[in-house]
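**Q** task: produce atomic coordinates for the following.
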Amino acid sequence: MADDHNEQSFSSSGTEAQNTPQKPEQAAPPQAKKSGRGKVILTGVIGCLVIVGGVYWFMTRNEVETDDAFTAGRSITIAPHVGGYVTELLVNDNQFVRKGQVLARIDPRDWEAERDKAAAQLANAQAAAQASDMMHRVALLEFPGKLLQAQGQLADAKAQLFKAETDYRRQHGVERAATSQQDIDYAKAALEAAKARVMASEGAVQMAQPVQPNIENAAVQISQQEAQVKAAQAGLVSAALNVEWTVIRAPHDGWISQRNIEQGNYVRQGQSLFAIVEPEVWVVANYKETQITRMRPGQKVDIRVDAYPSLKLHGHIDSLQKGTGATFSAFPPENATGNYVKIVQRVPVKILIDEGLNPDQPLALGLSVEPTVHVDTQGHSDAPPRGGVDNDGQAAP
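**A** The predicted model follows:
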């Protein structure tokens with residue numbers, strides 16, 4: 001009985017031992033099916049990604065974008081023409097002003113005094129010019145008259161000389177008893193005096209002969225006085241302008257920025273008081289040199305503004321700068337010295353905004369934007385025109 005029980009136990013255990021290795025062989029087919037299904041799914045996912053990537057590339061192959069772009073515009077620095085104390089300050093920070101609007105006033109009293117002084121100098125110069133003109137008129141008659149007067153005095157002196165010579169000869173031609181030594185001496189003295197008067201008259205005639213040069217000299221003095229009048233007029237105009245420049249006006253519409261003055265400050269000529277930011281805004285995008293191959297002025301551009309995501313701006317390329325940003329930097333690279341490492345350069349591209357701006361949301365300068373250029377749109381060449389320059393200094397077609 002015990003042996004039968006042992007045989008049965010051994011038989012049953014042997015049977016279990018024989019059945020145990022058969023379990024992995026029965027589980028193998030489900031794992032193989034699972035591995036094959038995973039490969040198919042992975043292959044499908046990769047294929048879908050390739051297709052999506054291809055479709056995206058095909059749809060965006062003509063779009064060139066960059067995030068290295070900012071809004072730009074004109075900022076006008078306001079500086080006074082004259083110095084003085086600020087008596088009125090009529091604007092505040094970030095205030096919008098119109099062209100011609102008064103921004104500030106400088107104390108005009110010193111400049112008004114300079115204007116009055118210039119007006120007096122002009123009146124003095126005009127009086128001197130009138131006097132010179134009258135002297136020229138007098139010279140036209142005076143100098144010819146002086147010549148005639150000198151010639152008449154010379155003729156009179158010669159007549160007196162002839163009389164003196166006749167008396168002198170008469171005194172020496174008569175008998176000694178018929179005259180006296182005193183009469184002889186008088187005749188001799190009269191002769192010498194007549195000779196002296198002739199010499200003096202001849203000198204006067206010689207001095208009076210340059211009539212035309214004397215008249216021309218008077219005319220030259222008129223020209224000098226007229227030049228002084230013009231100089232005085234220019235001084236008066238300059239002084240009047242200085243008075244007008246004590247009133248500082250806005251040269252253009254825009255927003256006040258960088259205000260550097262307060263009422264009561266003393267300002268100097270050329271000192272920066274504040275800046276005016278004009279409303280016109282454009283975009284300067286710094287594209288890589290490898291991105292501008294197909295870019296041309298006139299191509300359409302879509303613009304996204306980081307500060308205002310709801311704005312959808314549309315514009316076009318205005319121009320491409322003829323030089324990279326590094327070329328016009330304060331310290332341009334010296335590529336001819338040392339070890340050279342090639343770096344992709346960036347070219348500034350100016351983009352004008354055509355539509356999409358919100359009047360209630362004016363764009364500040366320096367905002368980050370993301371422009372996308374559609375290089376498949378129509379553009380034009382930016383080659384220089386072939387025409388020359390006309391007589392007015394304008395480019396001829």
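**Q** residue 247 - how many residues pack around it?
**A** 13 (other CB atoms under 10 Å). Just so you know, the C-beta spots here come from the backbone N, C-alpha and C atoms, and that holds for glycine as well.
**Q** repeat for the one 5 residues further on
**A** Other residues within reach of residue 252 by the criterion other CB under 10 Å amount to 15.
**Q** quick check: it vs residue 280, distance?
**A** Distance, residue 252 to residue 280, by CB to CB, to the nearest Å: 10 Å.
**Q** also residue 103?
**A** According to CB to CB, residue 103 stands 20 Å off from residue 280.
**Q** do the same with residue 233
**A** When distance is defined by CB to CB, residue 233 is 40 Å away from residue 280.
**Q** these two - which one has more neighbours?
**A** Set residue 233 next to residue 280 and count neighbours by other CB under 10 Å: residue 233 wins out with 16 against 13.
**Q** not counting its neighbours along the chain, what's nearest the more buried one?
**A** Excluding its sequence neighbours, the residue lying closest to residue 233 (CB to CB, 6 or more residues apart in numbering) is residue 122, at 5.8 Å.
**Q** avg pLDDT for the helix or strand that neighbour falls within?
**A** Per DSSP states H and E: residue 122 is located in helix 109-173. Mean pLDDT, helix 109-173: 87.
**Q** could you say what helices and strands that helix packs with?
**A** helix 181-208, helix 211-244 (3 or more CB pairs under 8 Å, 6 or more residues apart in numbering; DSSP states H and E).
**Q** how far does the first one sit from its chain's centre?
**A** Pointing back at helix 181-208 there. Distance, stretch centre to chain centre, for helix 181-208: 79 Å (CA atoms, centre = their mean, to the nearest Å).
**Q** name the helices or strands packed onto it?
**A** Packed against helix 181-208 by the contact rule (3+ CB pairs under 8 Å, 6+ apart) you find helix 109-173.
**Q** what angle separates the helix it packs on from helix 211-244?
**A** Relative orientation of helix 109-173 versus helix 211-244 (axes from the mean of the first three to the mean of the last three CA atoms, to 10 degrees): 170 degrees.
**Q** can you list the domain ranges for this protein.
**A** As assigned by automatic domain parsing, the chain contains the domains 63-72+277-374, 80-107+246-272, 111-244.
**Q** worst mean pLDDT among those domains?
**A** Lowest mean pLDDT of the domains of the chain: domain 111-244, a mean of 86.
**Q** now do the same end-to-end measure for it.
**A** For domain 111-244, the first and last residues are 9 Å from each other (CA to CA, to the nearest Å).
**Q** next one: it to chain centre, how far?
**A** Worked out by CA atoms, centre = their mean, domain 111-244 lies 58 Å from the chain centre.
**Q** end-to-end on stretch 291-300?
**A** End-to-end distance of stretch 291-300 (CA to CA): 15 Å.
**Q** buried residues of it, list them for me.
**A** Residues 291-292, 295-297, 299-300 are the ones in stretch 291-300 that count as buried (16 or more other CB atoms under 10 Å).
**Q** flag every buried residue along stretch 296-314.
**A** 296-297, 299-305, 311, 313.
**Q** sort out for me which of those are in strands.
**A** Judged by DSSP state E, strands contain the following of the buried residues of stretch 296-314: 300-305, 313.
**Q** farthest-separated two in these?
**A** 300 and 305 (17.2 Å; CB to CB).
**Q** circling back: which of the buried residues of stretch 296-314 sits closest to residue 93?
**A** Using CB to CB, those come closest to residue 93 at residue 305, 23.5 Å.
**Q** the closest one reaches residue 313, doesn't it?
**A** Yes. Taking contacts as CB atoms under 8 Å, residue 305 lies within contact range of residue 313: 6.8 Å.
**Q** quick revisit: off-centre distance for the helix holding residue 122?
**A** 56 Å.
**Q** equivalent analysis for stretch 359-370, please.
**A** Distance, centroid of stretch 359-370 to centroid of chain: 26 Å (CA atoms, centre = their mean).
**Q** cool, and stretch 94-103?
**A** On CA atoms, centre = their mean, the centre of stretch 94-103 falls 21 Å from the chain's centre.
**Q** likewise for stretch 387-397?
**A** What separates the centre of stretch 387-397 from the centre of its chain is 21 Å, taken as CA atoms, centre = their mean.
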